[in-house]
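>>> Return a 3D structure for these sequence lines:
(one chain, ligands or ions: 1)
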Amino acid sequence: MKVGVVSFPGSNCDEDALLAIVERLHEKAVMLWHKDHDLQGADVIILPGGFSYGDYLRAGAIARFSPIMQEVVAHAKKGGPVIGICNGFQIACEAGLLPGALMRNENLQFRSMPVTLRVENTDTVFTGKATKGQLLTMPIAHGDGRYTADAETIKRLEGDGKIVFRYVNAKGEATADANPNGATNNIAGVTNATGTVVGMMPHPERALEPLLGSTDGLVLFESLLAAVNA
Ligand SMILES: NC(=O)CC[C@H](N)C(=O)O
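Prediction:
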């Protein structure tokens with residue numbers, strides 16, 4: 001497996017994502033500069049977290065015009081795996097790789113804290129090794145994480161089981177107080193029709209070391225490796 005991590009001006013989780021692949025999975029990873037058109041033979045693309053273009057206009061709205069996004073979209077259209085983490089999720093939505101949008105957090109605060117997620121869909125390239133209903137702890141760090149879409153899209157995503165993660169409390173219940181940003185239906189992550197593109201606000205690449213409080217992010221990377229090698 002060879003993973004390409006796209007570095008935009010303002011990305012700040014690109015190194016963490018690269019290290020997740022190299023140090024935890026012992027697989028190959030390359031940094032891809034946003035101005036390039038070459039995916040350097042990567043089988044998988046990570047759109048990392050950060051503040052691409054300073055979140056000007058709207059988070060992800062400028063990054064989606066970066067030259068490399070044409071190749072990322074073409075890769076995704078061919079069924080190539082793509083994961084958008086936090087700012088990467090915002091960029092994936094802006095680029096039309098995933099439905100919906102990430103709005104300013106309901107409480108207008110930047111939230112940096114651990115959250116509990118419930119795995120809703122294990123039929124994606126990034127959750128195949130998880131179990132449905134499994135609870136995962138990982139951090140969030142965002143100001144614009146309130147997932148939203150028009151009512152018809154939400155109904156379709158829910159009906160088709162395209163919600164991958166939901167914010168829940170310690171008992172696994174998707175309550176309002178477990179929702180850090182006011183996301184519709186506590187949605188923390190979604191997938192496309194084929195389960196090959198996943199976007200999520202929480203950071204699995206920051207939950208790989210016991211020292212950092214959780215290793216629950218590992219299941220996503222192990223799922224990816226298993227899917228690519230299948
Ligand atoms: N950690 C991140 O990727 C930050 C995401 C984003 N730009 C926000 O604050 O909403």
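>>> What are the boundaries of the strands in the chain?
Along the chain, counting by DSSP state E, strands occupy 2-7, 28-33, 44-47, 82-85, 101-103, 111-119, 135-142, 146-148, 163-168, 187-191, 197-200.
>>> Pull the residues that contact the last one.
In this case it means strand 197-200. Defining contact as Cβ atoms under 8 Å, 6 or more residues apart in numbering, one finds that strand 197-200 is touched by 76, 81-86, 88-89, 92-93, 97-98, 124-127, 164-165, 188-191. C-beta: built from backbone N, CA, C; applies to glycine.
>>> Likewise for the third one?
Here strand 44-47 makes contact (Cβ under 8 Å, 6+ apart) with 1-6, 17, 21, 32, 39, 72, 75-76, 80-85, 87-89, 91-92, 224, 228.
>>> Tell me how far it lies from the chain's centre.
10 Å (Cα atoms, centre = their mean, to the nearest Å).
>>> Is it in proximity to the ligand?
No: judged by Cβ under 6 Å from any ligand atom, strand 44-47 stays clear of the ligand, getting no closer than 9.8 Å.
>>> mean confidence score for that strand?
Strand 44-47 shows a mean pLDDT of 98.
>>> Put together CSV for the strands of the chain, with distance to R156 and mean neighbour count on each row.
Converted to CSV, the strands of the chain look like this (distance: least, Cβ to Cβ, whole Å; neighbours: other Cβ atoms under 10 Å):
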stretch, distance to R156, mean neighbour count
strand 2-7, 28, 25
strand 28-33, 32, 17
strand 44-47, 23, 28
strand 82-85, 20, 29
strand 101-103, 15, 21
strand 111-119, 20, 18
strand 135-142, 25, 21
strand 146-148, 14, 22
strand 163-168, 11, 24
strand 187-191, 11, 29
strand 197-200, 16, 29
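>>> Quick one, which of the ones you listed gets closest to N181.
strand 146-148 (4.5 Å; Cβ to Cβ).
>>> Check the offset of that closest one from the chain's centre.
Using Cα atoms, centre = their mean, the mean C-alpha position of strand 146-148 is found 13 Å from that of the whole chain.
>>> what's in contact with that strand?
For strand 146-148, contacts defined as Cβ under 8 Å, 6+ apart pick out 100-106, 181-184, 187-188, 190, 201.
>>> closest to the ligand among those?
L102 (6.8 Å; Cβ to the nearest ligand atom).
>>> Looking at strand pairing, list the partners for that closest one.
Y147 (DSSP bridges).
>>> do the one 10 residues further on as well
With DSSP bridges applied, the residues forming beta bridges to S112 are A141.
>>> ok, now which ones touch it?
139-141.
>>> Now do it, the pLDDT please.
With respect to pLDDT, S112 has a value of 97.
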